[in-house]
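> Here's my sequence, what's the structure:
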Amino acid sequence: GTLASMADTVASSSQLAGERGEDEVKHNGNGKKKPEDGKVFGIIPQEIKGDFGCIGCKFIKYFVNPTVMFSSIIIIWSFVIWCAVDKNAGTVISDMQDFVITYFGWLYIVSLIIFGCFAVFLVFSRFGDIKLGHPDKPPKY
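So this is what the prediction gives:
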C-alpha cells in the first residue's frame, strides 16, 4: 500500500549520516551488492553537524539540513527584499491577511477546537500516563 511504499522511501538515520550498513545494501541479479539511493521523496537528505566550539559552548550541538536551510534563507530574504523595495507591499500583505481572515478564519477556529479536544482526550485516556523519555530514568518535567 501507500504507507509501505512511503516507509520504504524514508531513509534511516545511518543513511542521513552517510553511513551504509549491510541492511541498507540490496543485491542485484548478478550477486553484486548495490547500495540504495537513500532518497526521501526524491531528495537526497544531508546533514551537517557539530558544536559551536566556544569555551563553555561545547555542549551545544547543532544539526543542519542544508537543503532546508538554504531554501528557507532564499524564501525569507526574497520576502524581506520585496517588502523593502515595493512601496505597496504593506497594502498587498494587508489585503492577503484580510482574505485569509475572511474566508479561512472558520478553519482556524475549528482546528483549535479539534486539537484542544484531542489534547484533553489524550490527558484523560490511557495515553495520559505514558512517560516520555527513557523507561529507567525519572521524567524531567
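
> Distance-wise, check Trp77 relative to Met69.
12 Å (CB to CB, to the nearest Å). Any C-beta I mention is one placed from the backbone N, CA and C, and that applies to glycine too.

> so for stretch 74-83, what's the average pLDDT?
Mean pLDDT, computed over stretch 74-83, is 97.

> Just the CA trace of it, in CSV.
In CSV, the C-alpha atoms belonging to stretch 74-83 read as follows (Å, rounded to 0.1, in the frame of the first residue of the first chain):
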residue,chain,number,x,y,z
ILE,A,74,16.1,32.3,-0.1
ILE,A,75,12.4,32.5,0.8
ILE,A,76,12.9,34.8,3.8
TRP,A,77,15.3,37.1,2.1
SER,A,78,13.1,37.3,-1.0
PHE,A,79,10.3,38.4,1.2
VAL,A,80,12.4,40.9,3.1
ILE,A,81,13.8,42.4,-0.1
TRP,A,82,10.3,42.6,-1.7
CYS,A,83,9.0,44.4,1.4
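
> can you list the residues that contact it?
Ala89, Gly90, Ile93 (CB atoms under 8 Å, 6 or more residues apart in numbering).

> Report the buried residues of that stretch.
For stretch 74-83, the neighbour count (16 or more other CB atoms under 10 Å) marks no residue as buried.

> Confirm that Phe63 lies within a strand, as I assumed.
Yes - residue state for Phe63 (DSSP: H, G, I helix; E, B strand; the rest coil) corresponds to a strand.

> one step back: identify, from the contacts of stretch 74-83, the entry nearest to Phe118.
Using CB to CB, Ile93 is the member of the contacts of stretch 74-83 that lies nearest Phe118, at 32.1 Å.

> The closest one falls within a helix, correct?
Yes - assessed with three-state DSSP, Ile93 lies in a helix.

> That one - how many residues pack around it?
Neighbourhood size, Ile93 [other CB atoms under 10 Å]: 13.

> cool, the one 10 residues further on as well?
Counted with other CB under 10 Å, the neighbours of Tyr103 add up to 9.

> gap between it and Leu112?
17 Å.
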